[in-house]
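Student: model the structure of this input:
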Amino acid sequence: MEFPSDFLHTNNTAGQTLLKLVSRGSSILAEMLRLSDHIPGVFTGQDAREQARYKDIIFDFEYLNKQEQLDTQIEKSEVLLDLDDTFRENHIDILQRFFELFESIVRYHRDLLSFVSQVKDGAFLQYSLESLLTDTDGVQLISEGIYLYGVMLLLLDLKIAGHVREKIVMMYYRYKPSLVESSIRDVVKLCRSTGMIGWNAKRPKSYPENYFGRFIYAVIIFIFFENGGGRGKKSVSFFFWKFILK
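Tutor: Below you'll find the predicted structure:
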């Protein structure tokens, strides 16, 4: 059996798989930028009146530790039940779009790791991890794939603040628990507040290393470090910052 030698050839399964993944990454960034301009003011504090009105039904990730208590609190109050119904009716569509954005970032990371794993396991017969990284187009695309994921994380923290992400996720989780059951754990991991509030503010300790460490170190270590001997998290962080800021 012959395989096309050009990595970007339409019949090259490895190349087309990676090309589609990178294209997806660009689409995710575009959607993030669109949605970041339409965050309801009730979450950001820009609409103080709405924020005060709904403060007893909107929760951050502390909801996960007090779910039964907070649900009971709402269920026992007709006022809060009416507020909850009104909020759901007015915001469910935008909540869904945000949650789907967060899910798409999680899937992107999973599929990037899956692609690398497939290459390592010989699923693309004409490529090993080593040959992929020596192919001009191959190494460019895999590097772009990692780069895009890093940009997703940074833009997510810049454009949709941590406390906002947490509230959006919890509201959608409350309204559509059965729809998000399979992904909520990873979405919470992605969206948990880093403590970073604007890029002009003082960085939290070990930022962004701890933030990237939730997901991205796995990709970098798997591709660039696993075969070349162990290196610590600081080495990976240094590598990534040199890479993403070059």
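
Student: CA atoms for contacts and neighbours, from now on please.
Tutor: Will do.

Student: now residue 17, what's its secondary structure?
Tutor: Reducing the assignment to helix, strand or coil with DSSP: H, G, I helix; E, B strand; the rest coil, the entry for residue 17 is helix.

Student: got a list of what it touches?
Tutor: The neighbourhood of residue 17, defined by Cα atoms under 8 Å, 6 or more residues apart in numbering, consists of residue 115.

Student: do you know how far it is from residue 28?
Tutor: Separation of residue 17 from residue 28 (Cα to Cα, to the nearest Å) stands at 17 Å.

Student: go on, residue 171?
Tutor: In this structure, residue 171 lies at 22 Å from residue 28, with Cα to Cα as the measure.

Student: for the protein, which segments are assigned as helices?
Tutor: For the chain, applying DSSP state H gives helices covering 13-36, 41-44, 48-54, 67-75, 78-120, 129-134, 136-159, 162-175, 177-180, 184-191, 209-212, 216-220, 233-244.

Student: give me the buried stretch members for the third one, please.
Tutor: It refers to helix 48-54. Buried residues in helix 48-54, counted by 16 or more other Cα atoms under 10 Å: 51, 54.

Student: show me what it is packed up against.
Tutor: Secondary-structure packing of helix 48-54 (3 or more Cα pairs under 8 Å, 6 or more residues apart in numbering; DSSP states H and E): helix 41-44.

Student: in CSV, list the C-alpha atoms belonging to the helix it packs on.
Tutor: Extracted C-alpha coordinates of helix 41-44, given in CSV (Å, rounded to 0.1, in the frame of the first residue of the first chain):
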residue,chain,number,x,y,z
GLY,A,41,-24.2,42.3,32.8
VAL,A,42,-25.7,40.4,35.6
PHE,A,43,-22.6,38.2,35.7
THR,A,44,-20.0,40.9,35.2
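
Student: what's the closest of the helices of the chain to residue 7?
Tutor: For the helices of the chain, proximity to residue 7 was assessed by Cα to Cα; helix 13-36 is nearest, at 5.0 Å.

Student: on that earlier part again, now that we have the helices of the chain, can you turn them into JSON lines and tack on distance to residue 197 and mean pLDDT?
Tutor: What follows is those, written out as JSON lines (distance: least, Cα to Cα, whole Å; pLDDT from 0 to 100):
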{"stretch": "helix 13-36", "distance to residue 197": "15", "mean pLDDT": "96"}
{"stretch": "helix 41-44", "distance to residue 197": "12", "mean pLDDT": "96"}
{"stretch": "helix 48-54", "distance to residue 197": "19", "mean pLDDT": "95"}
{"stretch": "helix 67-75", "distance to residue 197": "26", "mean pLDDT": "97"}
{"stretch": "helix 78-120", "distance to residue 197": "19", "mean pLDDT": "96"}
{"stretch": "helix 129-134", "distance to residue 197": "37", "mean pLDDT": "85"}
{"stretch": "helix 136-159", "distance to residue 197": "8", "mean pLDDT": "92"}
{"stretch": "helix 162-175", "distance to residue 197": "8", "mean pLDDT": "98"}
{"stretch": "helix 177-180", "distance to residue 197": "27", "mean pLDDT": "93"}
{"stretch": "helix 184-191", "distance to residue 197": "14", "mean pLDDT": "96"}
{"stretch": "helix 209-212", "distance to residue 197": "14", "mean pLDDT": "84"}
{"stretch": "helix 216-220", "distance to residue 197": "21", "mean pLDDT": "60"}
{"stretch": "helix 233-244", "distance to residue 197": "20", "mean pLDDT": "44"}
